[in-house]
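**Q** Got a predicted structure here, sequence first:
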Amino acid sequence: MLNNKIIIYQVFTRLYGNRNTKRKPNGTLAENGSGKFADFDEKTLKHFKDMGISHVWYTGVIRHATQTDYSANGIPTQHPAVVKGKAGSPYAICDYYDVDPDLATDVDKRMKEFEALIKRTHKAGLKVIMDFVPNHVARQYKSIAKPKGVKDLGADDNTNDGFNPQNNFYYCPGCRLEPTFDIADYEEFPAKSTGNDHFDNHPGKNDWYETVKLNYGKDYWTGYGHFDPIPDTWNKMTDILLFWAKKGVDGFRCDMAEMVPSAFWAWATDKVKAVHPDIVFIGEVYNPAEYRNYIAAGFDYLYDKVGMYDTMRGVICGMTPANAITGAWQATDDIKKHMLYFLENHDEQRVASDYFAGDAKKGIPGLVASVLMQGNPFMLYAAEEYGERGMDEEGFSGKDGRTTIFDYWSIDTLCRADKGKLKKQEKEIYALHEKVMQIARSEKAVDGETYDLMYVNNNSDCFDAARQYAFLRKKDDEMLLVVCNFSDNKVNISVNIPKHAFEGLSIPEKDYEATDLLSGEKQAITLKADSGVKMTVPALGARVWKVKSEE
């Protein structure tokens, strides 16, 4: 029986099902191929479900700027000077009411193919997350799929105003777009402000120069918000959310949510949830000081990047002591159910890359801790479960330890997994990921309380608080004792459990037969207040001891 734990599987839709292994740097669609909606067939979706996944985040669905020519299908071409990579960034949206033609088997039926994917996903017992990119759009945004009666973004803007609360964009009146680098014959007059809050007409190569900033009524020159009357952009963007929710989407991962005023989110999420009460909003918010504002504005979950991700990365790499994990979760303890944990996503470097840990095995204890220590959601990035290294130099995306979002490409481990050609360690990495997620989704205790054991083990001679992390999970008569070992060496340790834990969690003091849910090993243990539980923990591994507290 499944519990309430949310495990989100992020798939970069263009890459996931692509089995073309040519992988030519800067290759075209014809050369390198693209994954399709159809690749997520019943067998694939069943695999996700069996793995322990609850939600699939199909990344890059909405039509974005690309250098591929689809004019034969009535789709406007984009100037290559303002498109990053041959495939283009999925965060440079050029039509909020359309889907990426790269993902369709029949381009003219692309929306019907996405609608069919939503239905297949639901039939498999999974929920659908898609991107909503609210802060910026492609420079050549033009909707060809908008519903009848909908006006395009910018259609009624007064371009003589740098800022007007009823404009959809910010402008540089009387100025042409003149980046600090050559953009060939691309013309934009008047220049629009660039997506990363660059408000003059001279964006640089390190800016989000392929995008323009949307105007939600905030005057960035004075810092004041002009939200009464409601800005036109609020209505347009809320209608877009409702359009996709009506198609059966179960949630939105909102790109750079903190760059959009929280006042808009409070207004929009209220309107969407009034019609679709179960829909979820996941916010990419990096400033911890803003977490509570955006949760109050209607977000169900926020990235815990600056706190938990950064801390866990430091622990995995041996730069931060394991007991710092305690401080990371305590910083958001009052909003812990709203924090989304992860070790990888499309913005971050792969754990196995040379720029992170260099070896996927080093991420295993961090995986166990991130997935099992709280009841909040966890996100897994496709191919992370095989130890994908992300060390390709794909084209616009160089060798940086990340899997490209800009280029036509295929993912090595996914291709080899499909052919049954994984290496021994990759199979082991997968087996551990699958086991941890299945534990998270099936064990009753993961729905229960968490008790951090580090404060009574920090100064123990039988426990290294710099390289081991331990905690309890408890619900009703079931308890998990989880110990993660970030050391390269197998350790023989003793984990102290204080009297306060026995009292607070109602744990009977007695002898138990414990089962390690990761290895299947059984061990007789004695649970006694202020006494240690002895065990061996494998190098770069963990123990998840399960006991019945009442028998």
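**A** That came through fine.
**Q** Sketch out the helices for the stretch 51-200 of the chain, chain order is fine.
**A** In the stretch 51-200 of the chain, the segments counted as helices under DSSP state H, counting those that start in this stretch are 110-123.
**Q** all strands for it, in order.
**A** If DSSP state E, counting those that start in this stretch is used as the criterion, the strands of the stretch 51-200 of the chain fall at 55-59, 62-64, 93-99, 127-132, 136-138, 171-172, 191-192.
**Q** Which other helices and strands does the longest one contact?
**A** Contacting strand 93-99 under the criterion 3 or more C-beta pairs under 8 Å, 6 or more residues apart in numbering; DSSP states H and E are the following elements: strand 62-64, helix 110-123, strand 136-138, helix 232-246. (Glycine included, C-beta is placed from N, CA and C.)
**Q** any idea of the angle the second one forms with helix 232-246?
**A** Note on geometry: by axes from the mean of the first three to the mean of the last three C-alpha atoms, to 10 degrees, helix 110-123 and helix 232-246 are set 60 degrees apart in direction.
**Q** So which elements touch the longest helix anywhere in the chain?
**A** Ranked by residue count under DSSP state H, the longest helix found in the chain is helix 424-442. Packing partners of helix 424-442 (3+ C-beta pairs under 8 Å, 6+ apart): strand 7-12, helix 42-51, helix 364-372, strand 378-381, helix 412-418.
**Q** So which other helices or strands are in contact with the fourth one?
**A** Where contact means 3+ C-beta pairs under 8 Å, 6+ apart, strand 378-381 is packed against strand 7-12, strand 339-342, helix 424-442.
**Q** check contacts around the closest residue to residue 533 other than its chain neighbours.
**A** Once flanking residues are discounted, residue 533 sits nearest to residue 495: 4.9 Å by C-beta to C-beta, 6 or more residues apart in numbering. Neighbouring residues of residue 495 by C-beta atoms under 8 Å, 6 or more residues apart in numbering: 453, 457, 463, 470, 481, 483, 532-533, 535.
**Q** if we go to 7 Å?
**A** 453, 457, 463, 470, 483, 532-533 (C-beta atoms under 7 Å, 6 or more residues apart in numbering).
**Q** How far off centre is whichever helix or strand comes after the longest helix of the chain?
**A** Next along the chain after helix 424-442, taking DSSP states H and E as the criterion, comes strand 449-452. Relative to the centre of its chain, strand 449-452 is centred 25 Å away, using C-alpha atoms, centre = their mean, to the nearest Å.
**Q** Go through strand 449-452 and flag the buried ones.
**A** 450-452 (16 or more other C-beta atoms under 10 Å).
**Q** Closest one of those residues to residue 528?
**A** residue 451 (15.8 Å; C-beta to C-beta).
**Q** Residue 410 against residue 22, yeah?
**A** No: using C-beta atoms under 7 Å, residue 410 makes no contact with residue 22, being 8.3 Å away.
**Q** burial of the residue nearest to residue 189 when sequence neighbours are not counted, as a residue count?
**A** Excluding the flanking residues, the one nearest residue 189 by C-beta to C-beta, 6+ apart is residue 176, at 4.8 Å. Using other C-beta atoms under 10 Å, residue 176 has 11 neighbouring residues.
**Q** ok, residue 176 to residue 137 distance?
**A** Distance, residue 176 to residue 137, by C-beta to C-beta, to the nearest Å: 19 Å.
**Q** what's the answer for residue 524, then?
**A** 62 Å.
**Q** Residue 119 now?
**A** 28 Å.
**Q** quick one, what contacts residue 299?
**A** Per C-beta under 7 Å, 6+ apart, neighbours of residue 299: 265, 281, 283.
**Q** Please report phi then psi for it.
**A** Main-chain torsions, residue 299, degrees, to the nearest 10: phi -80, psi 130.
**Q** Retrieve the pLDDT associated with it.
**A** pLDDT for residue 299: 98.
**Q** Number of residues surrounding residue 461?
**A** 6.
**Q** check which helix or strand covers it.
**A** Using DSSP H and E, residue 461 is not contained in any helix or strand.
**Q** coming back round to it: can you say which of the helices and strands packed on strand 93-99 is packed in most?
**A** Across the helices and strands packed on strand 93-99, averaging neighbours per residue (mean count of other C-beta atoms under 10 Å) puts strand 136-138 on top, at a mean of 27.
**Q** Given that strand, what are its sheet partners and their directions?
**A** strand 211-213 (antiparallel) (DSSP bridges).
**Q** contacts for the strand it pairs with?
**A** Under C-beta under 7 Å, 6+ apart, the answer for strand 211-213 is 92, 135-139, 169-170, 192-195, 197.
**Q** mind listing what residue 157 touches?
**A** Residue 157 neighbours (C-beta under 7 Å, 6+ apart): 167-169.
**Q** which of these lies closest to residue 233?
**A** When the contacts of residue 157 are compared against residue 233 (criterion: C-beta to C-beta), the nearest one is residue 168, at 5.1 Å.
**Q** Just say helix, strand or coil for residue 228.
**A** Assigned by DSSP: H, G, I helix; E, B strand; the rest coil, the conformation of residue 228 is coil.
**Q** Equivalent analysis for residue 502, please.
**A** Residue 502 - assigned by three-state DSSP - is helix.
**Q** wait, it sits on residue 509?
**A** Yes: checked against C-beta under 7 Å, the pair residue 502 and residue 509 is within contact range at 6.3 Å.
**Q** Quickly list what's touching both of those two.
**A** In contact with both residue 502 and residue 509: residue 529, using C-beta under 7 Å, 6+ apart.
**Q** one step back: could you export the helices and strands packed on strand 378-381 to a markdown table, including columns for distance to residue 322 and mean neighbour count?
**A** Converted to a markdown table, these look like this (distance: least, C-beta to C-beta, whole Å; neighbours: other C-beta atoms under 10 Å):
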| stretch | distance to residue 322 | mean neighbour count |
| --- | --- | --- |
| strand 7-12 | 23 | 23 |
| strand 339-342 | 16 | 23 |
| helix 424-442 | 18 | 18 |
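**Q** Adding distance to residue 404 and mean pLDDT, write the ones you listed out as a markdown table.
**A** Putting the helices and strands packed on strand 378-381 into a markdown table (distance: least, C-beta to C-beta, whole Å; pLDDT from 0 to 100) gives the following:
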| stretch | distance to residue 404 | mean pLDDT |
| --- | --- | --- |
| strand 7-12 | 9 | 98 |
| strand 339-342 | 19 | 98 |
| helix 424-442 | 20 | 98 |
